[in-house]
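Asker: Quick one, structure for this:
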Amino acid sequence: MINTIIFDLGAVLIDWNPHYMYRTIFNSEEEIKNFLATVCNSDWNEEQDAGRPLQEGTEILVKQFPEHEANIRAFYSRWDEMLGEPFWDTVEIFKELKNSGKYKIYALTNWSAETFPVALERYDFLNWFDGIVVSGAEKMRKPAPEFYQILFDRHLVKPEEALFIDDNYRNVLAAEKMGIKSVHFTSAEQLRAQLAELGILSDL
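Answerer: All right, here's what the predicted structure looks like:
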């Protein structure tokens, strides 16, 4: 019996995309793609999500790629420009689940503790959660089992009674290994269909 829903945030409820900001710096999508693959790449960004200070992460890259100093510093100095609109169709699903009163709803997110307050201020629906566990604040991130365990322990969640929703299949696999039924998110339509199959939305 599922009584708890756990959402990822980025790419599920919130549109975060560095391209939005870097389109004002580079001349082509190819240049942006190359920069984000070789300089400010996902591995580097995940270290800040895991608690490394933004300033420290920035200086490491500036030393490695001095020719890109201005572009590297823009990543966090203009980070708010990378935030887009909420994914309203998914927010609507969240709203339906919340209004049903049947579920405790939490967020488990890989996000820097230094930038997360910007999202909290911008997106009102983040206040709907019964609790949010932010990787940067905990100094660990998905897919580490210990990160999921923080949410379980802090909010008294039983894995067998929870459903986890994430766009990153790596994180879904980690959750399933811990005994959490999971949905690999690809779209709001797909999520709604899977929730209906599980009897979570159809009976609201």
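Asker: all contacts plus neighbour counts: C-alpha atoms, from now on.
Answerer: OK.
Asker: okay, now the domains of the chain?
Answerer: 4-15+85-197, 16-83 (automatic domain parsing).
Asker: Save the ones you listed as JSON lines, and put in mean pLDDT and mean neighbour count too.
Answerer: Below are the domains of the chain laid out as JSON lines (pLDDT from 0 to 100; neighbours: other CA atoms under 10 Å):
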{"stretch": "domain 4-15+85-197", "mean pLDDT": "98", "mean neighbour count": "17"}
{"stretch": "domain 16-83", "mean pLDDT": "98", "mean neighbour count": "16"}
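Asker: how near is the residue sitting furthest away from the middle of the chain to Y76?
Answerer: Counting by CA atoms, centre = their mean, the extreme residue of the chain relative to its mean C-alpha position is E67, 30.4 Å from that point. Distance of E67 to Y76, given as CA to CA, to the nearest Å: 17 Å.
Asker: Per-residue pLDDT of S202, please?
Answerer: pLDDT for S202: 71.
Asker: residue contacts, it?
Answerer: Going by CA atoms under 8 Å, 6 or more residues apart in numbering, S202 touches L195, A196.
Asker: Packing partners of the helix or strand where E31 lies?
Answerer: Applying DSSP states H and E as the criterion places E31 in helix 29-38. On a contact count with 3 or more CA pairs under 8 Å, 6 or more residues apart in numbering; DSSP states H and E, helix 29-38 meets helix 18-22.
Asker: Which residues does the helix it packs on contact?
Answerer: Contacts for helix 18-22 (CA under 8 Å, 6+ apart): E29, I32, F75, R78, W79, E81, M82, L83, G84.
Asker: Follow the chain on from the helix holding E31 and name the next helix or strand.
Answerer: helix 42-49.
Asker: Quick check: Q194 vs S202, distance?
Answerer: 10 Å.
Asker: actually T58, sorry about that
Answerer: For T58, the distance to S202 equals 47 Å [CA to CA].
Asker: Please apply the same query to Y103.
Answerer: 14 Å.
Asker: Please apply the same query to L97.
Answerer: Relative to S202, L97 is positioned 11 Å away (CA to CA).
Asker: what's next to the longest helix along the chain, contact-wise?
Answerer: Longest helix of the chain, by residue count under DSSP state H: helix 88-100. Residues outside helix 88-100 that contact it (CA under 8 Å, 6+ apart): V12, L13, Y103, K104, I105, F125, W128, S187, A188, R192, L201, L204.
Asker: Include secondary structure and distance to A162 when you put those residues into a markdown table, please.
Answerer: Listed next are the contacts of helix 88-100 as a markdown table, based on DSSP: H, G, I helix; E, B strand; the rest coil; distance: CA to CA, whole Å:
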| residue | secondary structure | distance to A162 |
| --- | --- | --- |
| V12 | coil | 17 |
| L13 | coil | 19 |
| Y103 | coil | 9 |
| K104 | strand | 9 |
| I105 | strand | 9 |
| F125 | helix | 21 |
| W128 | helix | 18 |
| S187 | coil | 20 |
| A188 | helix | 19 |
| R192 | helix | 17 |
| L201 | coil | 15 |
| L204 | coil | 17 |
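Asker: Can I get those residues in JSON lines including distance to A119?
Answerer: As requested, these are exported to JSON lines (distance: CA to CA, whole Å):
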{"residue": "V12", "distance to A119": "14"}
{"residue": "L13", "distance to A119": "11"}
{"residue": "Y103", "distance to A119": "24"}
{"residue": "K104", "distance to A119": "21"}
{"residue": "I105", "distance to A119": "18"}
{"residue": "F125", "distance to A119": "10"}
{"residue": "W128", "distance to A119": "14"}
{"residue": "S187", "distance to A119": "21"}
{"residue": "A188", "distance to A119": "21"}
{"residue": "R192", "distance to A119": "25"}
{"residue": "L201", "distance to A119": "27"}
{"residue": "L204", "distance to A119": "29"}
